[in-house]
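# got a predicted structure here, sequence first:
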Amino acid sequence: MVFSRTALKKARKMAAAARSRAQNYAAAPRFAARVLRHGTIPEQAVALHFAAAPENFYQFDLWRRPLERLADTRPVFVIVDRPDTGQQVLATTTLPVAFARSSAALERLVGAHAIRVVLYVNQVEANFRMLRFADPVHVQLGHGESDKVLSVSNQHKAYDLTFVGGPAGRDRLAHALRGYDAEARTVQVGRPQLDHEYPGAPDWPRDSGLRVLYAPTWEGDRPSTAYGSVASHGVAIVRALLADPSIRVIYRPHPRTGHLSPSFAAADRKIRGLLAAGGRHLVDHGGYGWQWAFADACVTDISSVAYDWLATGKPLVITQPAAASAYRPPSALLDALPPLPATEADQVRVVLHRMGLDSGRAARDPRLIELAGYYFGETAGRASSRRFAAAIDQAYALSAPGGVNRPA
């Protein structure tokens, strides 16, 4: 019997999922004991509900530092539903962690603690296990500002509030969701992540070259979100950058690159091989955040990385999806900075230098300043952190202290 490549791939994926379930089931008792030793679950708390597989850990990590700072003034803890993901959370944060594998476990947790606010960093189906409890105020954070189709979901209607970066997020939801009162149900918080220092930068002397971050997204799990450039642009972009001896490249592929597509996996290997020569460049798998201050320019895809970088005011090139199926969202950013098509990927150096890569002009580019304001509002002087704390206060005030948490 001959199986197609698609069938074999599906079978391998199902087998891997089955192994993961079995391993998590076996690890559950030990992990439950470990979280009890990690810290006491606080009362009247803000809870981050993080029901996700380990490959999505970055979604939590993006909010870890703002939440740890919030914990200086509010009780905060994290809820996980898998030991494998939970181990990563425990290893990286000082926040208390609760383990709730099932709806019944969540019911016991919510019944035992007066949870005031629940935060969510993604739109996974498992969120609805928690959303059924009526008393906490439920807040969708998302894990990045973006015009991607995934940034607008009818699921937003299920949350009491959605925290957005700036006017762009409010407008996006208002225009896309039928009957949604974006003025009342969105709160603009900027990008609190920008207010923190992040370790991990390489020890590169400032005079050793211009630093260009290439941070493509993955291939996506559906045709409309096929925004990744690794297979279509990646090799040409990296070769063009390497042709300039004044440039040092930081290649930061999305953690899920090649997860579904053999062509993405092959292109990723090719890029790594090109960068391995000479020792001047970096394949980056570490923490996210240090790149904003360290790099001089960024090449990325239609993803939250582009919007994070926008706030720096430094040169930014966004690729044009090669897949005809990829949804091109309404976007002030893409209108102002036309995306780079795959046929012109080898011209990336020209575009970057035109934007002021070697002169510092881009930091004063009025287009970028105006766009950053539209997507994030005021961010200077830790304004985002103050706005995030105030938004949490607003959500906290909406909750009913001492109320009975009832499953809907």
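Done, it's in.
# now the end-to-end length of stretch 289-298.
Across its full length, stretch 289-298 reaches 13 Å end to end, with Cα to Cα, to the nearest Å as the criterion.
# would you mind listing the buried residues in that stretch?
289-292, 295-298 (16 or more other Cβ atoms under 10 Å). (C-beta placed from N, C-alpha, C; glycine too.)
# show me where the stretch 101-250 of the chain has its strands.
115-120, 137-140, 161-164, 186-188, 210-215, 247-251 (DSSP state E, counting those that start in this stretch).
# can you tell me which of the ones you listed is packed in deepest?
strand 115-120 (a mean of 26; mean count of other Cβ atoms under 10 Å).
# pretty sure Gln193 contacts Arg64?
No: with contact defined as Cβ atoms under 8 Å, Gln193 does not count as touching Arg64 (9.3 Å).
# mind pulling up the pLDDT for Ser331?
We have a pLDDT of 91 for Ser331.
# then the one 5 residues further on?
pLDDT, Ala336: 90.
# mind listing the strands in the stretch 251-400 of the chain by residue range?
282-283, 297-300, 316-318.
# returning to that earlier point: Throw the buried residues of stretch 289-298 into TSV and include distance to Tyr159, thanks.
Listed next are the buried residues of stretch 289-298 as TSV, based on distance: Cβ to Cβ, whole Å:
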residue	distance to Tyr159
Gly289	26
Trp290	31
Gln291	30
Trp292	28
Ala295	34
Asp296	38
Ala297	36
Cys298	31
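# low-confidence ranges, the stretch 251-400 of the chain, go.
359-365, 400 (pLDDT under 70).
# the helices in it, which residues?
Taking DSSP state H, counting those that start in this stretch to define them, one finds helices in the stretch 251-400 of the chain at 262-276, 290-294, 304-310, 332-336, 348-354, 366-376, 383-398.
# Ile79 and Ala126, how far apart?
The gap separating Ile79 from Ala126 is 10 Å, by Cβ to Cβ, to the nearest Å.
# do the same with Ala297
Counting by Cβ to Cβ, the gap from Ala297 to Ala126 is 38 Å.
# quick one: which of the strands of the stretch 101-250 of the chain is nearest Gln320?
Checking the strands of the stretch 101-250 of the chain against Gln320 by Cβ to Cβ gives strand 210-215 as the closest, at 15.3 Å.
# which strands and helices sit next to the closest one?
If you count contacts as 3 or more Cβ pairs under 8 Å, 6 or more residues apart in numbering; DSSP states H and E, strand 210-215 packs onto helix 235-242, strand 247-251, helix 290-294, strand 297-300.
# what about 7 Å?
helix 235-242, strand 247-251, strand 297-300 (3 or more Cβ pairs under 7 Å, 6 or more residues apart in numbering; DSSP states H and E).
# with distance to Gln87 as added columns, please give the ones you listed in TSV.
Converted to TSV, the helices and strands packed on strand 210-215 look like this (distance: least, Cβ to Cβ, whole Å):
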stretch	distance to Gln87
helix 235-242	34
strand 247-251	27
strand 297-300	30
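# among the ones you listed, which comes closest to Ala176?
strand 297-300 (23.3 Å).
# now the strands of the stretch 251-400 of the chain as TSV including distance to His38?
Formatted as TSV, the strands of the stretch 251-400 of the chain follow (distance: least, Cβ to Cβ, whole Å):
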stretch	distance to His38
strand 282-283	32
strand 297-300	35
strand 316-318	40
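# what's the closest of the ones you listed to Ala114?
strand 297-300 (42.0 Å).
# relative to the closest one, what are the paired strands and their orientations?
The strands beside strand 297-300 in its sheet (DSSP bridges) come out as strand 210-215 (parallel), strand 316-318 (parallel).
# I'd like the ones you listed as CSV, with distance to Glu378 appended.
Supplementary listing: the strands paired with strand 297-300 in CSV, determined by distance: least, Cβ to Cβ, whole Å:
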stretch, distance to Glu378
strand 210-215, 25
strand 316-318, 20
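# stretch 149-158 spans what distance, first to last residue?
18 Å.
# and what of stretch 37-50?
Span of stretch 37-50 from end to end, Cα to Cα: 20 Å.
# quick one: distance of that stretch to the chain centre.
22 Å (Cα atoms, centre = their mean, to the nearest Å).
# cool, and stretch 96-107?
24 Å.
# list the buried residues for it?
So for stretch 96-107, counting by 16+ other Cβ under 10 Å, buried means 96-101, 105-107.
# ok, stretch 115-135 next?
Those would be 115-124, 126-127, 129-131, 133, 135, for stretch 115-135 by 16+ other Cβ under 10 Å.
# tell me which of the helices and strands packed on strand 210-215 lies nearest to Lys314.
strand 297-300 (5.8 Å).
# show me this structure divided up by domain.
Here the domain parsing of the chain from automatic domain parsing is 9-190, 206-376.
# spatially central residue for the chain, please.
His143 (3.9 Å; Cα atoms, centre = their mean).
# re earlier: turn the helices of the stretch 251-400 of the chain into TSV, columns for distance to Tyr214.
Listed next are the helices of the stretch 251-400 of the chain as TSV, based on distance: least, Cβ to Cβ, whole Å:
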stretch	distance to Tyr214
helix 262-276	8
helix 290-294	11
helix 304-310	10
helix 332-336	18
helix 348-354	9
helix 366-376	19
helix 383-398	26
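# sounds good, over and out.
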